[in-house]
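Undergrad: Just a sequence and a predicted model for now, questions to come.
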Amino acid sequence: MTADELKSIITAGLPCTHCELEGDGRHWYATIVSDAFEGKRPIARHQMVYATLGAKIQTDEVHALSMKTMTNAEWASHG
């Protein structure tokens, strides 16, 4: 899987204003910005992202995904 393919899957299932991915095809690091995360704890945010991947995680097509999830306000204050 490429970064573009993974980004397409995530952004199709979650309204993102920013989605950046780095990885080697199975192990990924993502920065995802969405106001859908507003009021959610980090674990709930991660579950929302994992939900977009569905079977890709279950079948090990995406083996690992580390992520930083932020709202637009958090992203703006991030730098």
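TA: That came through fine.

Undergrad: Thr11 reaches Cys19, doesn't it?
TA: Yes: at 5.5 Å, Thr11 counts as touching Cys19 under the criterion of C-beta atoms under 8 Å. C-betas here are computed from N, CA, C, even on glycine.

Undergrad: Quick one: name whatever helix or strand follows the helix or strand bottoming out on mean pLDDT in the chain.
TA: Least confident helix or strand of the chain, by mean pLDDT, DSSP states H and E, is helix 55-58 with a mean of 82. Downstream of helix 55-58, the next assigned helix or strand under DSSP states H and E is strand 64-70.

Undergrad: Now that following strand: buried residues?
TA: In terms of neighbour count (16 or more other C-beta atoms under 10 Å), strand 64-70 has its buried residues at 65, 67, 69-70.

Undergrad: Parallel or antiparallel, list what pairs with it.
TA: Paired neighbours of strand 64-70 in the sheet (DSSP bridges): strand 27-33 (parallel).

Undergrad: Give the other helices and strands that the next helix or strand after the partner strand contacts.
TA: Next in sequence after strand 27-33, counting helices and strands by DSSP H and E, comes helix 42-53. Contacts defined by 3 or more C-beta pairs under 8 Å, 6 or more residues apart in numbering; DSSP states H and E place helix 42-53 against helix 3-13, strand 64-70.

Undergrad: Tabulate the ones you listed in CSV, adding columns for mean pLDDT and distance to Glu38.
TA: What follows is the helices and strands packed on helix 42-53, written out as CSV (pLDDT from 0 to 100; distance: least, C-beta to C-beta, whole Å):
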stretch, mean pLDDT, distance to Glu38
helix 3-13, 94, 17
strand 64-70, 95, 10
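
Undergrad: Take the ones you listed and write them to CSV, including distance to Ile32.
TA: Output for the helices and strands packed on helix 42-53, formatted as CSV (distance: least, C-beta to C-beta, whole Å):
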stretch, distance to Ile32
helix 3-13, 7
strand 64-70, 5
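
Undergrad: The ones you listed: which one's closest to Thr52?
TA: helix 3-13 (3.1 Å; C-beta to C-beta).

Undergrad: All set, thanks.
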